[in-house]
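S.K.: what's the 3D shape of this:
(one chain, ligands or ions: 2)
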Amino acid sequence: MPRYNPWFITPWSAPWADVSFGVQQSFIPTQMALIVHKYGGTSMGSTERIRNVARRVAKWARAGNQMVVVPSAMSGETNRLLGLAKEVSPAGSDPAMQRELDMLAATGEQVSVGLLALALQAEGVPAISFTGWQVPVRTNNAYTKARIESIDDQRVRAELDAGKVVIIAGFQGIDNDGHITTLGRGGSDTSAVAVAAALKAAECLIFTDVDGVYTTDPRVVPEARRLATVTFEEMLEMASMGSKILQIRSVEFAGKYQVPLRVLSSFTPWDIPLAQEAVSGTLITFEGDETMESAVVSGIAFNRDEAKISVLGVPDRPGIAYQILGAVADANIEVDVIIQNVSHDGKTDFSFTVHRNDYARTIDVLKAKVVPTLGTDRVEGDTRICKVSIVGIGMRSHVGIASKMFRALSEEGINIQMISTSEIKTSVVIDEKYMELAVRALHRAFDLDQPIG
Ligand code: ASP
Ligand code: MG
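M.R.: Numbers count the residues shown, from 1 in each chain. Ligands and ions are numbered 1, 2, ... in the order given. The predicted model follows:
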């Protein structure tokens, strides 16, 4: 039950009443097209940077593209707003309060869209900005973590047809009762992809402070390479593991509605040639695309956020896993890697991992609910573990990949505590002190240091 296994993520459930999503054509940069740009908080971080965003967007508009831009709030702004909320009111989960948090947090993006529209007009490019509710971007009513249900494209299309750049506030929408909602932290990625899907945009370009998706974190492996393409499934596995480039829901969304998505740097000079910019960064593709790189393993992901818990000496009989994990699930704690050992004398050991933040609570739950009924009091834990994974769509069609992984780790003398696999990922749980060593060894073993030839 990997925490981020794409098949466990609730699909976008609501019918997209006003819009239909077709499979997109590949975007050819030299042709005029409807393009969505998304700019993150850093790119929008000052009025000078906003003017650079405006110049970059103007370049794309002047090349004949219909442009929709979805910006985040200026960097630090959402935190500042939520900090203000804390000053006037203690944290709480009551819906009336959540509603006002969204009312407040949504203003960050309203500032951004207004400034960007002004900056574009100053560049001589007609532009108009909309909040989420003006479009409208309809969501459910789950304040602070709302999900988009539909996007009405009429108003946006009318402005595009009138020759304007349309700027839509990210991160926000409106529910059926007219309340402003927000989509969860990092949600403007999802806004941009949803807008691109609704408008059947040729491509959604996410301009951010990294220049693409790498084979692993370059801070750990300096030889890490930028991937020209990665499939959305690989991206889901990698994004969930710490290369937190995109909000995970935006990737699920792109996969579901086949929105061509590109991650690229907003730190290049705004006037680099459009044809060069249009093919830079990393393109997130769909399986079967001819452009897919042929590497079996595309990247090494890692994560230090988990802790291991073992219940030792439990009776080996039906229902034990359910008793242990059921109690944990009832406490709303997500479980990731699970192993159960071969039994001896009718007893077995059962281990699993949870998020480190849930570690103490999980131990409490086990002591309260499980220990009294299972006849063992041996609950052990270890927070100094990490999970390292190899990810690659090519693992589906190749054998011997996992054994190559285990060999590389054994050559470094790294002991594997747990293993879990999915179709496109093999993960091991190891002592956290070996994390960097393991990532480097695997990066080398799978030839990720080498340029693709
Ligand atoms: N401004 C929001 C946040 O900081 C949304 C976003 O930036 O994507 O989480
Ligand atoms: Mg972001």
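S.K.: Same question for the strand or helix carrying N52: list its buried residues.
M.R.: N52 is part of helix 47-62, with elements assigned from DSSP states H and E. The neighbour-count check on helix 47-62 (16 or more other C-beta atoms under 10 Å) flags 49-61 as buried. In short, each C-beta sits where N, CA and C put it, glycine included.
S.K.: Same check on stretch 333-344?
M.R.: By neighbour count on 16+ other C-beta under 10 Å, the buried set for stretch 333-344 is I333, V335, D336, V337, I338, I339, Q340.
S.K.: and the nearest residue in space to G346 that is not next to it in sequence, how many neighbours?
M.R.: The spatial neighbour of G346 that comes closest, neighbours along the chain excluded (C-beta to C-beta, 6 or more residues apart in numbering), is D316 at 5.5 Å. Using other C-beta atoms under 10 Å, D316 has 16 other residues around it.
S.K.: Now name the helix or strand holding the closest residue to ligand 2 within the stretch 251-400 of the chain.
M.R.: As assessed by C-beta to the ion, ligand 2 sits closest to V263 within the stretch 251-400 of the chain, at 10.7 Å. For V263, the host element (DSSP H and E) is strand 261-265.
S.K.: And the average pLDDT for the helix or strand just after that strand is what?
M.R.: Going down the chain from strand 261-265, the next helix or strand is helix 274-277, by DSSP H and E. For helix 274-277, mean pLDDT rounds to 95.
S.K.: and the next element down the chain from helix 274-277?
M.R.: strand 282-285.
S.K.: got the contact list for the residue in the stretch 1-150 of the chain that ligand 2 sits nearest to?
M.R.: When scored by C-beta to the ion, the stretch 1-150 of the chain has G40 as its residue closest to ligand 2, at 4.6 Å. G40 is in contact with S72, S75, S188, I206, F207, T208, D209, S266, counting by C-beta atoms under 8 Å, 6 or more residues apart in numbering.
S.K.: remind me which residues of the protein are low pLDDT?
M.R.: Scanning the chain for pLDDT under 70 picks out 1-31, 240-243, 288-294, 451-453.
S.K.: Quick check: most distant residue from the centroid of this structure.
M.R.: Distance to the chain centre peaks in the chain at D345, reaching 45.0 Å (criterion: C-alpha atoms, centre = their mean).
S.K.: N341 is in contact with the residue nearest to G346, correct?
M.R.: No. Using C-beta atoms under 8 Å, D316 is not in contact with N341; the gap is 9.2 Å.
S.K.: Mutual contacts of those two, please.
M.R.: T348.
S.K.: hmm, back to that, pairing partners for the following helix or strand past the helix holding N52, with directions?
M.R.: Later in the chain than helix 47-62, the nearest helix or strand by DSSP H and E is strand 66-71. Applying DSSP bridges to the sheet, strand 66-71 is found paired with strand 34-39 (parallel), strand 165-168 (parallel).
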